[in-house]
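> 3D model of this:
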Amino acid sequence: MRRKCKHSFSSLRSQAMRLASFGSGPSQKAAVFAVETKETNMRAYSLNELFRLTRTELLALHAKIAALFPMLSEFDRAVARENLRLIRRVLARPSCAPS
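Prediction:
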């Protein structure tokens, strides 16, 4: 007896894509930073998460982190610097277009 799945794969979006969306809603509030009291804490992204994003989402995330950079604490700047480096690394990869 086969078990039926509740969701099809095409209807599911990866967690990384939901986090990189910049619309309004509860899933987007942790897009780049979480607000605790009055401080902003930079979220560290993994290469795996960044590889799942589209080029447009990567560029938007890069622009948002770069804009927040002057307002961050020294520790968060180090995290932001690493995020920016990883984003540039993912953007520099060759595209997998059919020949």
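> and the helix ranked longest in the chain, which residues are buried?
Counting residues, the longest helix in the chain under DSSP state H turns out to be helix 74-91. For helix 74-91, the neighbour count (16 or more other C-beta atoms under 10 Å) marks 76, 79, 80, 83, 86, 87, 90 as buried. All C-beta atoms are positioned from the backbone trio N, CA, C, and that covers glycine.
> Do a quick rundown of the helices in the chain.
Here the chain has its helices, by DSSP H, at 15-20, 47-51, 55-68, 74-91.
> mind putting these in CSV, mean pLDDT and distance to residue 41 included?
Listed next are the helices of the chain as CSV, based on pLDDT from 0 to 100; distance: least, C-beta to C-beta, whole Å:
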stretch, mean pLDDT, distance to residue 41
helix 15-20, 49, 14
helix 47-51, 93, 17
helix 55-68, 95, 11
helix 74-91, 95, 6
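> And the closest residue to residue 50 other than its chain neighbours, how close does it get to residue 82?
Distances taken as C-beta to C-beta, 6 or more residues apart in numbering put residue 90 closest to residue 50, at 4.6 Å, once the chain neighbours are dropped. In this view, residue 90 and residue 82 are 13 Å apart by C-beta to C-beta, to the nearest Å.
> now do residue 41
In this view, residue 41 and residue 82 are 14 Å apart by C-beta to C-beta.
> just residue 58 next, same as before
Distance, residue 58 to residue 82, using C-beta to C-beta: 15 Å.
> swap in residue 60?
18 Å.
> what does residue 59 give?
As defined by C-beta to C-beta, residue 59 lies at a distance of 18 Å from residue 82.
> Please apply the same query to residue 54.
Applying C-beta to C-beta to residue 54 and residue 82 gives a distance of 21 Å.
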